[in-house]
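Colleague: Quick one: sequence plus predicted model below, questions after.
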Amino acid sequence: MWLLWSVHWRTSDVYFEWFREPSFRDEGERLLVEPKPRTEKFRIQTFNQIATRGLKLLATPQYSVSKEQDSPHAIILRSFPLTTDHLTSNLLAIARAGAGVNNVPVDECTEQGILVFNTPGANANSVKELVIAALLLCARDVIGGIEYVNNLPNVIPEGDLKQHVEEGKRRFAGRELSGRTLGVVGLGAIGTPVANIACTLGMQVLGYDPFLSETSRQNVDSRVELVDELKDLFARAQFISLHVPLSPKTNAFVNDELLNYCHEGTCILNFARSEVVAPDAILRALEHGQLSKYFIDFPRREFLNHPKVFTTPHLGASTAEAEENCAVMAVRQIQDFLVNGNIENSVNFPSVKLERSLDYRFTITNWNQPGVLREILAVCSNVGLNITDMINKSRENVAYNILEVDGEVTDSLRTELLAVPNVVRVRALGRRNSNEL
């Protein structure tokens, strides 16, 4: 589909975008960037190693992709720490090939009308499998057993080797997962499959997610018991797996108070973010026996070489399949936004999708204030432009509109729209092609 789409791209089919200065918030001042049509390719800058399968979708005359792009229209990255210096005036969108966006200055992007996408669920299977491996490693001292055997002297006779093994294996006795209780904090794209597979392993599963929608609830195994209080989950579970995004509310939410509810010998697995736990509280719980193991996928100095802490170097999404899935999803979201103006899986803009039916459409980003849409429609009406279809959605302080019209969006119209108070950005998109994204 992607190659057919590019065949029908004509150099006369251009897109335009005009916007206020990024720092503009004062309704009494009109600072406009001179409107100029763009006929060049979409410039996309990549950071980190983006999977080839995703980048191949951009191998058309419509896009210019490089790690060294001047003034890109879009950025695709993984864990690269983006700064405000990267937020150039032409930048329209950033796609994070992964779930977390703590390496992107999201608030500053929102201020400048720049979309930030992530790829929820694209790496879910990869992380899920590693969580199950971590559960098994916490329940059975496989690592200790391997180290013991590897450290046996090479000169031990064969008969004595068997005796050493039989005597030594007693210290590595573990426990089965079946019949144990797992608490899953966060029933999203990763937490839900973790909870479901734990049920198939014979575990009793508790789930906590105050934001679980009815639609998402249908994906959770009926055997999972949902609890209303986080403290109840910590008090009842023998294994606890964390799957929450990092936010001001979740920062260090696993603290001394919560850990005091734990049974002696509880194991905690953290495949969310290192900052969602208070490290000093974890160390105290390990010392006092409330925790027997802490498994974290984000190395921290406080936990290095601790005998009761397993640390992996952020391997959750480190599979070829996950990297490909994230890259493909990130690229497709960027393409659909650049070409059609549609938004899916943005962390700072509303989800908006309008199927194309006409050649002409434009998008408007504005601050979510009363009366803005009315003024936008009035401007279009005054110039005799007929709006055949539209959609308007908001998310907190940001509103986003897609409008299909039966005539060309002129330079003068764009200038008038930008003069409407609280309008941040106006984009007129290229004509509809016979094969769509």
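Modeller: Sure, I can see it.

Colleague: Now the phi/psi pair for the most centrally placed residue in the chain, please.
Modeller: Taking CA atoms, centre = their mean, the centroid of the chain lies closest to A99, which sits 2.2 Å from it. Main-chain torsions, A99, degrees, to the nearest 10: phi -90, psi -50.

Colleague: got the contact list for it?
Modeller: N118, T119, P120, A122, N123, A189, I190, P245 (CB atoms under 8 Å, 6 or more residues apart in numbering). To be clear about C-beta, it is placed using only N, CA and C from the backbone, and glycine gets the same treatment.

Colleague: buried subset of these?
Modeller: Neighbour-count burial within the contacts of A99 applies to N118, T119, P120, A122, N123, A189, I190, P245; the criterion is 16 or more other CB atoms under 10 Å.

Colleague: I'd say the fifth one and V328 touch.
Modeller: What it means is N123. No: assessed by CB atoms under 8 Å, N123 is found out of contact with V328, at 11.7 Å.

Colleague: any idea which element the closest residue to K169 other than its chain neighbours lies in?
Modeller: Among residues not flanking K169 along the chain, G145 sits closest, at 6.9 Å (CB to CB, 6 or more residues apart in numbering). Assigned by DSSP states H and E, G145 belongs to helix 142-150.

Colleague: Tabulate the contacts of A99 (TSV), appending distance to N397 and secondary structure.
Modeller: TSV is the format used below for the contacts of A99 (distance: CB to CB, whole Å; DSSP: H, G, I helix; E, B strand; the rest coil):
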residue	distance to N397	secondary structure
N118	20	coil
T119	24	coil
P120	22	coil
A122	28	coil
N123	30	coil
A189	26	coil
I190	29	coil
P245	20	coil
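
Colleague: Between which two of the residues you listed is the distance greatest?
Modeller: Maximum pairwise distance among the contacts of A99 (CB to CB): 15.2 Å, between A122 and P245.

Colleague: before we move on, what SS does C380 have?
Modeller: Under DSSP: H, G, I helix; E, B strand; the rest coil, C380 falls in the helix class.

Colleague: element containing A235?
Modeller: helix 230-236.

Colleague: Residues in contact with that helix: which ones?
Modeller: 181, 183, 185, 206-208, 227, 240, 258-259, 261-263, 266.

Colleague: Stretch 396-404 now?
Modeller: 110, 341-343, 348-350, 352, 354, 356-358, 360-368, 372-373, 376, 380, 387-394.

Colleague: can you tell me which of those are in helices?
Modeller: Per DSSP state H, helices hold the following members of the contacts of stretch 396-404: T110, V372, L373, I376, C380.

Colleague: Look up the closest residue to the last one, ignoring the ones flanking it.
Modeller: Taking CB to CB, 6+ apart as the measure, C380 lies nearest to I387, with 5.9 Å between them; neighbours along the chain are not counted.

Colleague: With the first one instead?
Modeller: Using CB to CB, 6+ apart and skipping residues adjacent in sequence, the residue nearest T110 is N348, 4.5 Å away.
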